[in-house]
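> Fold the following.
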Amino acid sequence: MLNLGHAKKWKYEEDHSNWENGRPPWVEQPKKTHSGHPIHEIPWSLPYHTQSLCPECTRVVKARKFAEDNKVWMEKTCKEHGYFKELISPDLSVYMDMFTFRFGDGQGVSNPIVPDGKRCPEDCGICNMHHSHTALANVDLTNRCDMTCPVCFANANAAGYVCEPDLVDVRRMLQNLRDMKPVPAKVVQFAGGEPTIHPQFHKIVAMSKEMGFWHIQVATNGKNFSNYEFARKAKEAGLHTLYLQFDGVTDDVQFKTRAEKIMDTKRKVIENARKVGLRVVLVPTLVKSVNDHQVGDIIRFAIENVDVITGISFQPVCFTGRINEKNRLEKRYTMTHLALDVEKQTGLVPAKGGWLPLGCTSPFSKLSEALSGEPAMTITCHPDCGNGAYLFVEPNEKKEVRSLTDFFDLRAALVDIQALAQEIRKKNAKNGGGQGVQLFSKAKALSILRKHYRPSRAPKGLSFRRLLGVLDGYKDKEVAHNPNHHTKNAYPTLFVAGMHFQDPYNYDIERVKRCIIHYSARDGRIYPFCTYNSGPYYRERVEESISVPIGVYKNQADLDQFPSQVSEEDAFKVRSGTPSTVALPSMTQQSENHACGTEGCC
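Predicted structure coming up:
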């Protein structure tokens with residue numbers, strides 16, 4: 001381990017019982033956000049209290065997370081609507097293994113759009129209370145879609161109106177993201193609806209590239225990318241990745257979740273992506289007893305196409321509308337379910353020890369900041385939000401697949417990198433840094449990585465140099481976007497991850513405060529995913545206040561005929577906190593039906 005002068009040497013240990021309050025010594029926990037609001041650290045053991053929402057009236061209520069019968073639960077009581085109990089994890093040991101491996105909170109933004117927020121999630125937009133900056137920004141290009149999926153939260157046909165920004169609106173939303181400090185948003189995802197049916201989709205992609213976004217992706221059902229020319233033009237405009245709806249490997253499953261048999265279309269999309277040089281991340285929405293039996297098949301499909309598929313983002317379905325506890329328990333699928341299913345159906349990643357919360361990568365960002373002196377994009381979401389595992393695939397026959405943790409002690413390496421970042425900051429503060437210090441520190445980082453690498457357990461052909469190439473690709477998107485990088489300097493990898501977005505039943509406001517996936521909306525504000533699409537459902541309020549009736553839209557032949565729905569003056573007023581003519585309904589004005597109009601959607 002690193003010698004930090006008089007400081008104690010750190011060593012990763014699974015057992016936290018010897019540490020004060022179960023808190024590991026390597027954790028760096030800030031006390032305030034960049035805007036000065038106090039940060040309350042997530043507890044390190046169960047039970048503990050947090051805040052949630054009543055699923056009936058969405059009022060903020062006190063909640064308790066606790067262990068019972070080797071499971072993790074949340075319970076809460078609304079004075080008006082009674083008691084609710086919700087499953088958080090079906091396995092206490094697997095849950096705690098991921099829940100307790102973290103390195104401390106972020107500090108949000110220094111220029112929040114809502115500078116004086118006092119209540120979460122009521123004062124949303126993004127506010128001074130938020131703990132994380134944007135890692136992935138979403139911009140909705142339309143709520144129209146060419147499918148009618150039962151598991152969708154954005155559907156113009158059900159809503160009865162169209163919300164579709166023009167180029168002026170989109171530029172404004174993108175600029176709000178680029179203006180965030182101290183870390184401007186650099187990764188943008190265009191969403192919807194089906195964003196590719198926006199008549200100016202390719203122009204918007206090109207515009208986002210010109211504005212400085214260095215990774216651009218689109219959340220899509222893929223239909224338009226089954227057209228080679230559409231895919232080619234998207235790539236030329238600057239698109240990098242398709243975040244491709246992919247709920248299973250057979251048409252019967254696709255029909256249950258999407259009401260269409262579309263596997264042939266998915267295969268054609270992947271082939272076109274391969275031809276034009278786009279990358280693909282598969283995005284399965286998982287519904288218990290509907291498609292969770294195909295988790296392993298989806299991973300095997302991705303492995304077979306690892307030259308073009310770089311990841312899988314499993315997303316358990318969320319609940320909207322009223323659903324009783326018995327039915328919720330039967331349908332509820334969690335991150336722990338995913339870990340258990342991957343182990344059972346593939347044997348590639350152990351449920352306990354093989355998965356890490358997404359925020360555990362923060363030591364690499366802190367090391368980058370310490371070396372460069374510049375703020376770095378850092379993932380600091382709540383450990384319940386998501387987790388992941390890295391698979392390395394032998395490139396020739398694709399039969400040998402190893403998890404990163406099989407041959408690299410990732411947890412111990414991250415603890416050492418965290419210590420090194422702290423050591424560099426102390427030296428920089430003492431003597432102002434200097435190139436000699438930086439070069440020595442980089443060599444030390446290299447030594448840490450080599451120390452925890454086990455070449456005898458690595459897949460065939462994976463040298464330490466190629467492992468470094470993989471890490472370079474994850475750190476530097478310009479390197480990753482080089483078509484020759486993976487074949488010459490790196491190794492085929494597949495990032496298997498889960499993102500569990502919240503619904504009113506399992507809502508945890510501490511998760512909202514740490515959200516890293518943000519929506520830049522047309523009202524000039526930026527919303528965490530789980531306030532925009534669940535809980536307060538700001539999506540409905542924003543879209544209803546800035547939209548046109550679907551009948552009016554159908555009478556328009558070209559989107560260019562639509563004026564910008566938000567004036568520059570109103571956008572400035574919203575951002576500056578002064579009164580605006582763009583009014584949003586209050587939290588109590590919830591519509592009876594959500595955007596999809598179906599129970600059990602997300």
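
> Disregarding flanking residues, what is the spatial nearest neighbour of the most centrally placed residue in the chain?
Nearest to the mean C-alpha position of the chain, by CA atoms, centre = their mean, lies residue 517 at 5.2 Å. Distance criterion CB to CB, 6 or more residues apart in numbering; nearest residue to residue 517, sequence neighbours excluded, is residue 529 at 4.3 Å. C-betas here are computed from N, CA, C, even on glycine.

> ok, that neighbour - contacts?
Contacts of residue 529 were listed using CB atoms under 8 Å, 6 or more residues apart in numbering, and they are 138, 501, 515, 517-519.

> Likewise for residue 531?
Here residue 531 is in contact with 121, 124, 512, 515, 538 (CB under 8 Å, 6+ apart).

> Burial check on the fourth one, number of neighbours?
For residue 515, the number of neighbouring residues by other CB atoms under 10 Å comes to 25.

> Low-confidence bits of the stretch 51-200 of the chain, can you list those?
Applying pLDDT under 70 to the stretch 51-200 of the chain flags residues 151-158.

> Could you give the number of residues near the nearest residue to residue 42 once chain neighbours are set aside?
Spatial nearest neighbour of residue 42, chain neighbours left out: residue 510 (6.1 Å); criterion: CB to CB, 6+ apart. By other CB under 10 Å, the residues close to residue 510 number 21.

> Would you enumerate the residues in contact with residue 510?
If a contact means CB under 8 Å, 6+ apart, then residue 510 has 40, 42, 50-51, 382 as its contacts.

> pLDDT of the helix or strand harbouring it, averaged?
For residue 510, the element it lies in under DSSP states H and E is helix 509-513. Averaged across helix 509-513, the pLDDT comes to 97.

> Format the CA atom coordinates belonging to that helix as PDB.
Listed next in PDB are the C-alpha coordinates belonging to helix 509-513 (Å, rounded to 0.1, in the frame of the first residue of the first chain):
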ATOM      1  CA  ILE A 509     -35.100  11.700  -2.000                       C
ATOM      2  CA  GLU A 510     -31.400  11.100  -1.000                       C
ATOM      3  CA  ARG A 511     -31.100   9.300  -4.400                       C
ATOM      4  CA  VAL A 512     -32.700  12.300  -6.200                       C
ATOM      5  CA  LYS A 513     -30.200  14.700  -4.700                       C
END
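
> Starting from the helix or strand just after it, tell me which strands it pairs with and how they run.
Next along the chain after helix 509-513, taking DSSP H and E as the criterion, comes strand 517-520. As defined by DSSP bridges, the strand partners of strand 517-520 come to strand 136-140 (parallel), strand 526-528 (antiparallel).

> can you list the residues that contact strand 517-520?
For strand 517-520, contacts defined as CB under 8 Å, 6+ apart pick out 126, 134-140, 173-174, 176-177, 185, 499, 526-529, 532, 539.

> quick one: average pLDDT of it?
97.

> rewinding a little: any idea which of the contacts of residue 531 is the one closest to residue 550?
Comparing those against residue 550 with CB to CB places residue 538 closest, at 20.9 Å.

> Tell me if I'm right that that closest one and residue 122 touch.
No. In this structure, residue 538 is not within contact of residue 122 by CB atoms under 8 Å, at 10.5 Å.

> more crowded one of those two?
Legend: neighbour count by other CB under 10 Å for residue 538 and residue 122, higher for residue 538 (24 against 14).

> got a list of what the more buried one touches?
Neighbour list for residue 538: 124, 521, 527, 531-532, 584 [criterion: CB under 8 Å, 6+ apart].

> redo that, cut-off 6 Å
527, 531-532 (CB atoms under 6 Å, 6 or more residues apart in numbering).

> domain parsing for the protein?
Following automatic domain parsing, one gets these domains for the chain: 47-96, 106-114+124-334+500-592.

> Out of these, which one sits most buried?
Across the domains of the chain, averaging neighbours per residue (mean count of other CB atoms under 10 Å) puts domain 106-114+124-334+500-592 on top, at a mean of 20.

> How far off centre is that one?
From the chain centre to the centre of domain 106-114+124-334+500-592 is a distance of 11 Å (CA atoms, centre = their mean, to the nearest Å).

> Let's see stretch 221-240 as CSV, backbone CA atoms only.
C-alpha atoms of stretch 221-240 as CSV (Å, rounded to 0.1, in the frame of the first residue of the first chain):
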residue,chain,number,x,y,z
ASN,A,221,-36.1,2.0,-30.9
GLY,A,222,-33.8,1.7,-33.9
LYS,A,223,-36.3,1.7,-36.7
ASN,A,224,-34.8,4.6,-38.6
PHE,A,225,-31.3,3.1,-38.2
SER,A,226,-32.4,0.0,-40.1
ASN,A,227,-32.1,2.4,-43.0
TYR,A,228,-28.4,2.5,-44.0
GLU,A,229,-28.5,6.1,-45.4
PHE,A,230,-30.1,7.4,-42.2
ALA,A,231,-27.4,5.7,-40.1
ARG,A,232,-24.6,6.9,-42.3
LYS,A,233,-25.8,10.5,-42.1
ALA,A,234,-26.1,10.3,-38.3
LYS,A,235,-22.5,9.1,-38.1
GLU,A,236,-21.3,11.8,-40.4
ALA,A,237,-23.2,14.4,-38.3
GLY,A,238,-21.2,13.3,-35.2
LEU,A,239,-23.3,10.6,-33.5
HIS,A,240,-21.3,8.1,-31.6
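
> if you average pLDDT over that stretch, what comes out?
Average pLDDT, stretch 221-240: 97.

> Identify the residues contacting it?
Residues from elsewhere that reach stretch 221-240 (CB under 6 Å, 6+ apart): 146-147, 194, 196, 202, 205-206, 209, 215-217, 244-245, 265, 268-269, 272, 276-278.

> Please, where are all the helices along the stretch 251-400 of the chain?
251-258, 263-276, 295-304, 325-331, 335-346, 362-372 (DSSP state H, counting those that start in this stretch).

> can you put these in CSV and add mean pLDDT and distance to residue 36?
Converted to CSV, these look like this (pLDDT from 0 to 100; distance: least, CB to CB, whole Å):
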stretch, mean pLDDT, distance to residue 36
helix 251-258, 91, 45
helix 263-276, 98, 45
helix 295-304, 98, 44
helix 325-331, 84, 39
helix 335-346, 98, 33
helix 362-372, 91, 21
